[in-house]
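>>> need a 3D model of the sequence below.
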Amino acid sequence: MCSNENNAVFQSTSSDSAFILELKTRRPPSLEGRPGCESWSVDFSPDGAWFAWSMGHGIVWVVAWPLDSEDGGLLVRESQNGETDREDKSFSCGHPVWGLAFGPRPPKSAAAAAHSGNTQLKGKRLLLATGLENGMIKIWNVLTGDAVYDLHGHEGVVRDLVFPQNGTLTLVSSSRDKTLIIWDLTQEGKKVQVLSGHKDWISSCCISSDCSMIASVGRFDRMVCLWSLRSYTFIRNLTGGTHKTFYLLASCDFSPDGAMLATAAFSGSTWWIDLWDPYTAEKLTTLVDYCEIYGQNQISAIQFSPDGLHLAIVTEDRALQIWEPGKKGMVMQTKVDQASNGLCCNFHPQGGVVATGTRDGHVRFWRAPRTVPSLCHLCRSILRHSVSTHQMEPLPLPKRILEYLTYRNIPTRLKTESSSDEEEWER
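Numbers count the residues shown, from 1 in each chain. Have a look, this model is predicted:
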């Protein structure tokens, strides 16, 4: 069921200079802080004109972007196809919402758009997929507010949803039932394939920019799995030595050029991010953060910026940190706050803004660094989007250039500036 009732209030006070504003959920005081309030997932539409978040208790709120915090209203803009229906929309899903995703995601090139050949996309129907606690996936038409499909197939919490960036109506879902499912929304949500191999809950999944691979991470089985989106088969499990006997995997994301895969994990007082080459299964580098307070350093989510220059990080002790891969320390971080309660993050498609969802059901927006990419970075991004590491290595290039193009020019181990030197880390 869709409603236009306003379910949130704006708040723009914070001592952090990067803070823009916060959307706070309106709910009875008796529900505050109780299970079910969490904002497990946030997402911007592909064109950046809409923002959605799971605001707890089975409700997803969708608002027009950008927001106007000065008068508590919205900046009403005419959409590209002339439509002016820019009112807030509230979708009642009936069960707690753990994952959501806008789709379809348009291809990056005209050639890819022609190859997709999807006539159903010509109506420019924007969909929102919502993954529920009972294993169901509900598909909504954003502009009309109508429920389009109910997808049945998972037997546990649907933790993550993602559309490939090729303009097709393919949807990939991951669940606590240890499986991923590939759906075809052009055939009324037909189940195309079930991918099995994880031994426990799947925390997160993502799709490479060339739409050839799916990556998934298991929270308790500590597996980083790569799957072929073309043949629907298992490719490999990424493994690397660590002295940690027990740790949990939290999140994963491909870089925009598809040449790196970032995975996030934590154990006790330490969290770390591994950067992998998905083609060779080689670990490129590890960023480590150590906290002196045991159990107070959980990492929740990571995401690459649209230009691939930065990685957003949500942890238990800071609402947001932004790292430039290969560098020591952060280019931006919020103040230490053990009550930040961060769960998820998402960059605006044009960059400059990051949204974070919290355990109390609120959403905060932060200014992200804007950096003009170097010519070298732009050339590498374009090249690596279509050329794998195996294709790069035989090329007659100087060693230094080849190392740059394959991301072998970054240190193999890095620590955040706040990390203790006493922590031993053998990888």
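
>>> which secondary element of this protein has the worst mean pLDDT?
helix 110-116 (a mean of 46; mean pLDDT, DSSP states H and E).

>>> for the protein, longest helix please?
What stands out as the longest helix in the chain, according to DSSP state H, is helix 375-386.

>>> show the end-to-end separation of stretch 257-272, please.
The straight-line separation of the ends of stretch 257-272 (C-alpha to C-alpha, to the nearest Å) is 22 Å.

>>> off-centre distance for it?
The gap between where stretch 257-272 is centred and where its chain is centred comes out at 13 Å by C-alpha atoms, centre = their mean, to the nearest Å.

>>> how many neighbouring residues does the closest residue to residue 46 other than its chain neighbours have?
In space, not counting the residues next to it along the chain, residue 46 is nearest to residue 105; the distance is 5.1 Å by C-beta to C-beta, 6 or more residues apart in numbering. Heads up, the C-betas are built off the backbone N, CA and C, glycines and all. For residue 105, the count of nearby residues is 20 (other C-beta atoms under 10 Å).

>>> Three-state assignment for residue 105, please.
Reducing the assignment to helix, strand or coil with DSSP: H, G, I helix; E, B strand; the rest coil, the entry for residue 105 is coil.

>>> make residue 1 into 651 and carry on from there
All right, first residue 651 from here; so that's residue 755.

>>> give me every residue that touches it.
Applying C-beta atoms under 8 Å, 6 or more residues apart in numbering, we find residue 755 in contact with 696, 813-817.

>>> let's see it at 10 Å
Shown here is residue 755, whose contacts under the criterion C-beta atoms under 10 Å, 6 or more residues apart in numbering are 695-696, 812-818, 820, 857, 861, 999.

>>> for the residues you listed, which one is nearest residue 739?
Checking the contacts of residue 755 against residue 739 by C-beta to C-beta gives residue 695 as the nearest, at 12.0 Å.

>>> where does this structure have low pLDDT?
Scanning the chain with the threshold set as pLDDT under 70 gives 651-665, 677-684, 718-735, 759-774, 890-895, 942-946, 1067-1077.

>>> all helices for it, in order.
Per DSSP H, the chain has helices spanning 760-766, 1025-1036, 1039-1042, 1049-1055. These are given in chain order.

>>> any chance of a markdown table for those helices, columns distance to residue 989 and mean neighbour count?
What follows is the helices of the chain, written out as a markdown table (distance: least, C-beta to C-beta, whole Å; neighbours: other C-beta atoms under 10 Å):
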| stretch | distance to residue 989 | mean neighbour count |
| --- | --- | --- |
| helix 760-766 | 44 | 13 |
| helix 1025-1036 | 37 | 15 |
| helix 1039-1042 | 42 | 14 |
| helix 1049-1055 | 42 | 14 |
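
>>> residue 686 is nearest to which of these?
Closest among the helices of the chain, using C-beta to C-beta: helix 760-766, at 38.3 Å.

>>> CSV for the helices of the chain, including distance to residue 1015?
Shown next, in CSV, are those (distance: least, C-beta to C-beta, whole Å):
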stretch, distance to residue 1015
helix 760-766, 31
helix 1025-1036, 26
helix 1039-1042, 36
helix 1049-1055, 34
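
>>> now for these, which one comes closest to residue 867?
helix 1039-1042 (20.9 Å).

>>> ok, the contacts of residue 755 vs residue 956, which is closest?
residue 999 (5.9 Å).

>>> what about the residue nearest to that closest one when sequence neighbours are not counted, how many neighbours?
Counting by C-beta to C-beta, 6+ apart, residue 698 is the residue found nearest to residue 999 once chain neighbours are left out, at 4.5 Å. As a burial measure, the neighbour count of residue 698 was computed by other C-beta under 10 Å and equals 16.

>>> I'd say residue 698 and residue 776 touch.
No. Between residue 698 and residue 776 no contact is recorded; they are 11.9 Å apart, counting by C-beta atoms under 10 Å.

>>> hmm, back to that, dump the longest helix of the chain to PDB, keeping only the CA atoms.
Written as PDB, here are the backbone C-alpha positions of helix 1025-1036 (Å, rounded to 0.1, in the frame of the first residue of the first chain):
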ATOM      1  CA  LEU A1025      43.800  12.200 -16.400                       C
ATOM      2  CA  CYS A1026      45.600   9.000 -15.400                       C
ATOM      3  CA  HIS A1027      42.700   7.900 -13.200                       C
ATOM      4  CA  LEU A1028      40.100   8.600 -15.900                       C
ATOM      5  CA  CYS A1029      42.200   6.600 -18.500                       C
ATOM      6  CA  ARG A1030      42.600   3.700 -16.100                       C
ATOM      7  CA  SER A1031      38.800   3.700 -15.300                       C
ATOM      8  CA  ILE A1032      37.800   3.600 -18.900                       C
ATOM      9  CA  LEU A1033      40.400   0.900 -19.800                       C
ATOM     10  CA  ARG A1034      39.700  -1.400 -16.800                       C
ATOM     11  CA  HIS A1035      35.900  -1.200 -17.300                       C
ATOM     12  CA  SER A1036      36.300  -3.500 -20.400                       C
END
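
>>> which helices and strands does it pack with?
The elements that helix 1025-1036 packs onto, with contact taken as 3 or more C-beta pairs under 10 Å, 6 or more residues apart in numbering; DSSP states H and E, are helix 1039-1042, helix 1049-1055.

>>> ok, now how distant is the spatially closest residue to residue 898 that is not a sequence neighbour from residue 921?
What sits nearest to residue 898 in space, not counting adjacent residues and going by C-beta to C-beta, 6+ apart, is residue 869, at 5.4 Å. Taking C-beta to C-beta, to the nearest Å as the criterion, residue 869 is separated from residue 921 by 14 Å.

>>> now residue 1059: how far from residue 1051?
The gap separating residue 1059 from residue 1051 is 10 Å, by C-beta to C-beta.

>>> please apply the same query to residue 707.
The gap separating residue 707 from residue 1051 is 54 Å, by C-beta to C-beta.

>>> cool, residue 1032 as well?
Residue 1032 sits 15 Å away from residue 1051, going by C-beta to C-beta.

>>> go on, residue 883?
Shown here: residue 883 relative to residue 1051, a distance of 34 Å by C-beta to C-beta.

>>> what is the burial count for residue 902?
27.

>>> that one: what's it in contact with?
810, 853-856, 865-867, 874-875, 888, 911-915, 923-924, 926, 951-953.

>>> repeat the analysis, applying 7 Å as the threshold.
Counting by C-beta atoms under 7 Å, 6 or more residues apart in numbering, residue 902 makes contact with 854, 856, 865, 867, 911-913.

>>> go on, residue 967?
If you count contacts by C-beta under 7 Å, 6+ apart, then residue 967 has 941, 946-947, 986-988, 990 around it.

>>> what subset of those residues is buried?
Burial of the contacts of residue 967 was assessed by neighbour count (16 or more other C-beta atoms under 10 Å); the buried members are 941, 947, 990.
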